[in-house]
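> sequence first, predicted coordinates after that:
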Amino acid sequence: MKKQSIEHTHLLILSLLAGEDMYGYQMITELARRSQNVFSMKEGTLYPVLHGLEKQGYVEAYQQAAESGRMRKYYRITRSGRGCLAEEKQSWEVYEGAVNAVLRFSAGLA
Amino acid sequence: MSKMKPMPSRRRRALRNCLIALLAIALYSSVSFYALTPLNAVEYAKDRSGLYDPTEVVSVQWVPEMHRVHRLYLVENEHTVALSSAILRVLGWEGSFVWAVDCSKESPIHCGCVTMSHGGNNDGERVLFYYGRVNDPKIARIELLEVHLQDSGIPPGETTEFENIVSTIELPCEEWITKNGRAYFLEKSFPSDDVTIRRYVRGYDGEGNIVHQEYISNYAGVSWG
Amino acid sequence: MDRREYCRQLTQELRHLTAKEVAAVRQEFMDHMEDHAEMLREAGYDEAEADVRAVEAMGDPVETGREIDKQYPAIWLWLSRIAVAVIVIVCISALFSLFGAYTAFDSLAIRMNPYRNVDIPKDSYIDYRMEIGDDIVHFIGLEGYVPGEDCEVSLHFNMYDKSIFGSVHQNLETMLTFRTDSGDRISLSGGGSSNEKVAHYRKNLQITSDDTYITAIYDHYGRYVACTIDLQEVGK
């Protein structure tokens, strides 16, 4: 179900950034940690999503110095990104609710 | 953690550049002699030629004999019929002068003509445009005459029977152009070099009688260097 | 596969990105793999092992490269390039159009100081304006007027468009006629100069001892404008 995982990746990334600005690798580790390793994606697939979000104006990038002195590229959610997040969250909740309802119904039959 | 300026995405940079480009074009056209479109060039020409009221286009054509990209406009309003040229130069469209006939004074036919040539070269091609408005509803056909007046004593305005008609162009009413309820005509011809040629316009009614004859005094010559 | 090889295979798929953008993507991926390798080293892996695992965790570089390439549609790049080309062309053309700006300045200056092009005595100053369409005829002086005598006067006037960016009718002065108490007056002589936006002319007229005014008339193309100059006002 590769396609689906990419779709929901938008939602997951935006919700990560809604909390704080992060850099690429940080997002991977945070995602794994918060989902108890259910979401451990191939790390390369993160960046097409990030660049796509940037293209649409939902996130923006900036450079900042890390502790080691190296410059790191951080991502920050924008106002329209927050709007998109709210919408995506709502459609996910509708979807989740529908799935649960069908399962409960089937469970009732069994 | 200090907020640093974001790195602009492609889209943002493109939109910003487009905005700057549009501003640059707007600023440039306000001071430039050249226009972005041929009709704009005609509007500038009207400003230079003292045609203050808005006009509508009656007819448009290419005049390749003079310049490769040369647009000729016949424009009109209630009090004017006029001809203007727009030539495409490197920096934009250049409007020539506007050659106008004042239609506010009553007359059965208002007519003017403009000769165009390439400057300095007598062998060069010359093009002549007759243009005007037919006001008298009785007139069914007009004729544009080139007359060689042997007798130089006859003043140009005098109505005479012509003995030395060099050429005649007939324009029946089917070839006129109607605009805003008025009838206009525009005719291109290739004139001779003869300086003793005089040009007249004649109006005939449906039975072939001459209703009006007039010496075309509204004459202009333009040559492009 | 080492980091460099991963990046090479990835950047090969970035066909629609500019060189600058490719370099930025490359840097981003190298940084990411470095971050991951650093984390593994801290966890106890040796350098070589950490590098290998970091690269493996990235997945297929070709697929990733293609997906990133899709995020860079050509349209924005072309729009940006076209816009920049337009700006450059306009700037170059503007250098050739300084003439237009110069005459606009001229048009502004003539409004602030109408007498900048002429040298006439102050007692011949007048100030009358005619608005003809979007052009303005500004009568500024009447030289040679002697009250109570037949004389030849020189009527000085400036002409310009209402807007400093607009052009003035180049032949406007030929379309004015003049009238005094005694009737229509034909200008015998005169002179002047004009550029695209500003013109200055003087017209010489014969007037008689009984004349009290000169009226300038424009009557063409269905438009009639008249302006009467009171001869008693001259020099006041």
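Here it is on my side, so go on. Predicted model only: the values in this text are computed from it and were never measured. Numbers count the residues shown, from 1 in each chain, chains lettered A, B, ... in the order given.

> what residues of the longest helix along chain C count as buried?
Counting by DSSP state H, the longest helix found in chain C is helix C:19-43. Residues of helix C:19-43 classed as buried: C:21-22, C:25-26, C:28-29, C:31-37, C:39-40 (neighbour count, 16 or more other CB atoms under 10 Å in any protein chain shown). Using the backbone N, CA and C atoms, a C-beta is placed for each residue, glycine as well.

> so which elements touch that helix?
Here helix C:19-43 touches helix A:24-34, helix A:46-56, strand A:71-77, helix C:3-12, helix C:47-56, going by 3 or more CB pairs under 8 Å, 6 or more residues apart in numbering or on different chains; DSSP states H and E.

> where in the chain is pLDDT low?
Using chain A here. Applying pLDDT under 70 to chain A picks out residues A:1-7, A:110.

> switch to chain C, please.
C:97, C:99-100, C:236.

> residue most distant from the centroid, it?
C:Gly44 (68.0 Å; CA atoms, centre = their mean).

> residues in contact with the residue sitting nearest the centre point of chain C?
Chain C has C:Ala101 as the residue nearest its centroid, 7.4 Å off, counting by CA atoms, centre = their mean. Contact analysis of C:Ala101 by CB atoms under 8 Å, 6 or more residues apart in numbering or on different chains lists B:Val31.

> need the pLDDT of B:Pro64.
At B:Pro64, the model reports a pLDDT of 87.

> same question but for B:Met4, I mixed them up
At B:Met4, pLDDT is 56.

> contacting residues for whichever residue of chain C sits closest to chain B?
Residue nearest to chain B within chain C: C:Gly133 (2.5 Å; CB to the nearest CB). Going by CB under 8 Å, 6+ apart, C:Gly133 touches B:Gly50, B:Tyr52, B:Asp53, C:His169, C:Arg223.

> which bits of chain C sit near chain B?
Contact residues, chain C versus chain B (CB under 8 Å from any CB of the partner chain): C:21, C:72, C:76-77, C:79-80, C:82-84, C:86-87, C:90-91, C:93-94, C:96-97, C:99-101, C:104, C:132-135, C:161, C:165-172, C:175, C:196, C:220-223.

> just the buried residues from those, in ChimeraX please.
Buried subset of those, written as a ChimeraX selection, criterion 16+ other CB under 10 Å:
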select /C:21,72,76,77,79,80,83,84,86,87,90,93,94,97,100,104,132,133,135,161,165,166,167,168,169,170,172,196,220,221
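
> narrow the residues of chain C next to chain B to those in strands?
Judged by DSSP state E, the residues of chain C next to chain B include C:Ile132, C:Asp135, C:Asp161, C:His220, C:Arg223 as members of strands.

> ok, which pair from the residues you listed is furthest apart?
Using CB to CB, these reach their maximum pairwise distance at C:Asp161 and C:His220, which is 17.4 Å.

> check contacts around A:Arg70.
Counting by CB under 8 Å, 6+ apart, A:Arg70 has contacts C:Asp31.

> need the contact list for the nearest residue in space to C:Glu13 that is not next to it in sequence.
Nearest residue to C:Glu13, sequence neighbours excluded (CB to CB, 6 or more residues apart in numbering or on different chains): C:Gly65, at 2.8 Å. Shown in contact with C:Gly65 (CB under 8 Å, 6+ apart): C:Gln9, C:Leu10, C:Thr11, C:Gln12, C:Glu13, C:Leu14.

> using CSV, lay out those residues together with neighbour count.
CSV is the format used below for the contacts of C:Gly65 (neighbours: other CB atoms under 10 Å in any protein chain shown):
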residue, neighbour count
C:Gln9, 15
C:Leu10, 25
C:Thr11, 19
C:Gln12, 12
C:Glu13, 18
C:Leu14, 18
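
> can you redo those residues as a markdown table with distance to A:Ala18?
What follows is the contacts of C:Gly65, written out as a markdown table (distance: CB to CB, whole Å):
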| residue | distance to A:Ala18 |
| --- | --- |
| C:Gln9 | 34 |
| C:Leu10 | 29 |
| C:Thr11 | 31 |
| C:Gln12 | 35 |
| C:Glu13 | 31 |
| C:Leu14 | 29 |
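
> nearest to A:Leu46 among those residues?
Closest to A:Leu46 out of those is C:Leu10 (13.1 Å), distances taken as CB to CB.

> that closest one contacts C:Phe29, correct?
Yes. Using CB atoms under 8 Å, C:Leu10 is in contact with C:Phe29, at 6.5 Å.

> touching both of the two, which residues are there?
Joint contacts of C:Leu10 and C:Phe29 (CB under 8 Å, 6+ apart) are A:Gly44.

> what's the neighbour count on A:Asn37?
By other CB atoms under 10 Å in any protein chain shown, 9 other residues sit near A:Asn37.

> then it would be within a helix, right?
No. Using DSSP: H, G, I helix; E, B strand; the rest coil, the assignment for A:Asn37 is coil, not a helix.

> state the distance from it to chain C.
13 Å (CB to the nearest CB, to the nearest Å).

> likewise for B:Ala26?
10 Å.

> name the SS class of that residue, please.
For B:Ala26, the secondary-structure state derived from three-state DSSP is helix.

> and for it, the neighbour number?
Using other CB under 10 Å, B:Ala26 has 10 other residues around it.

> which intervals of chain B have sub-threshold pLDDT?
Using pLDDT under 70, chain B drops low at B:1-7, B:119-124, B:150-154, B:156-160, B:225.

> quick one, helices of it?
B:10-31, B:38-49.

> winner for burial among those?
Highest mean neighbour count among the helices of chain B (mean count of other CB atoms under 10 Å in any protein chain shown): helix B:38-49, with a mean of 22.

> which residues sit against that helix?
Under the criterion CB under 8 Å, 6+ apart, residues B:33-35, B:52, B:55, B:57, B:71, B:73, B:75, B:82, B:84-86, B:88, B:92-100, C:134, C:161, C:166-171, C:196 lie in contact with helix B:38-49.

> any idea how far the helix or strand where C:Asp106 lies is from the middle of the chain?
Assessed by DSSP states H and E, C:Asp106 sits inside helix C:98-112. Distance, stretch centre to chain centre, for helix C:98-112: 12 Å (CA atoms, centre = their mean, to the nearest Å).

> buried set for that helix?
So, applying 16+ other CB under 10 Å, buried residues of helix C:98-112: C:Gly100, C:Thr103, C:Ala104, C:Asp106, C:Ser107, C:Ile110.

> same question for stretch C:115-123.
Buried positions in stretch C:115-123, judged by neighbour count with 16+ other CB under 10 Å: C:Asn117, C:Ile120.

> next one: stretch B:97-105
B:Phe97, B:Val98, B:Trp99, B:Ala100, B:Val101, B:Asp102, B:Cys103.
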